[in-house]
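Trainee: Need a 3D model of the sequence below.
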Amino acid sequence: MKVFKISAYSFLVSASLWSCIPSYNAYPKEYRHAKADFPKQKAFVVNKELKKEFDILKHSEIYEIVEDSTHAAKITLHPMMTRTPSCGNPMIGSMLTVGLLPSGFPYDIAYSYDVADNSTTKNYQYKLQVYQSLWLFNIFRLGKTFSKQSGKALLGNYMASNK
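Mentor: Okay, here's the model as predicted:
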């Protein structure tokens, strides 16, 4: 009987955690539909080992990322700083209702990189805003990953700063 109780409780805790499927959205809302409809500069990323930062830059489609550095600008990524709420209280409602009650977290991301072209180096710094939603029905929004939505936020910020 004791094994059954432990198994039942383990199943309930696991089901409540599995039911909270994350999905992300870029903010402001206008950035979600931003398209890179400008001529793209060829760029070589020097430090691709910063995987998250590189994925965000790649998904932003601001530059045409190339593998040959001879005739391309060189981008040096800086580690991003991500700020989230310090506690997980917003997630409790989703976990207790097995994902039927939506909850979410705001992410504030300080994203920066340097672009070296010929003899000039320019630093770009952006504050990206991405919102994570935890909800059972996010299963229908599986393509909205952190790196894709952060890339949209980066593209929107880039276009807004270059008007």
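Trainee: so where's this structure uncertain?
Mentor: For the chain, residues meeting the criterion pLDDT under 70 lie at 11-20, 86-90, 95, 98-99.
Trainee: Please enumerate the strands of it.
Mentor: Assigned by DSSP state E, the chain shows strands spanning 21-27, 41-45, 63-65, 73-77, 81-83, 103-117, 120-135.
Trainee: For the closest residue to Pro85 other than its chain neighbours, the count of nearby residues, please.
Mentor: Excluding its sequence neighbours, the residue lying closest to Pro85 (C-beta to C-beta, 6 or more residues apart in numbering) is Phe105, at 5.9 Å. Placement of C-beta: from N, CA and C, glycine included. Using other C-beta atoms under 10 Å, Phe105 has 16 neighbouring residues.
Trainee: Hmm, Gln132 and Phe105 touching each other?
Mentor: Yes. Using C-beta atoms under 8 Å, Phe105 is in contact with Gln132, at 4.6 Å.
Trainee: so what's the residue nearest to Pro85 up against?
Mentor: 84-85, 90-91, 131-132, 134 (C-beta atoms under 8 Å, 6 or more residues apart in numbering).
Trainee: for the residue nearest to Arg83 when sequence neighbours are not counted, which residues make a bridge with it?
Mentor: Closest residue in space to Arg83, ignoring its immediate chain neighbours: Asp108 at 4.4 Å, by C-beta to C-beta, 6+ apart. When bridges are called by DSSP bridges, Asp108 pairs up with Arg83, Gln129.
Trainee: Make sure Asp108 is actually in contact with Tyr126.
Mentor: No. Counting by C-beta under 8 Å, Asp108 sits too far from Tyr126 to count as a contact (11.1 Å).
Trainee: residue furthest from the geometric center of this protein?
Mentor: For the chain, the largest distance from the centre (C-alpha atoms, centre = their mean) belongs to Met1, which lies 45.2 Å off.
Trainee: gap between that one and Ser10?
Mentor: Separation of Met1 from Ser10 (C-beta to C-beta, to the nearest Å): 15 Å.
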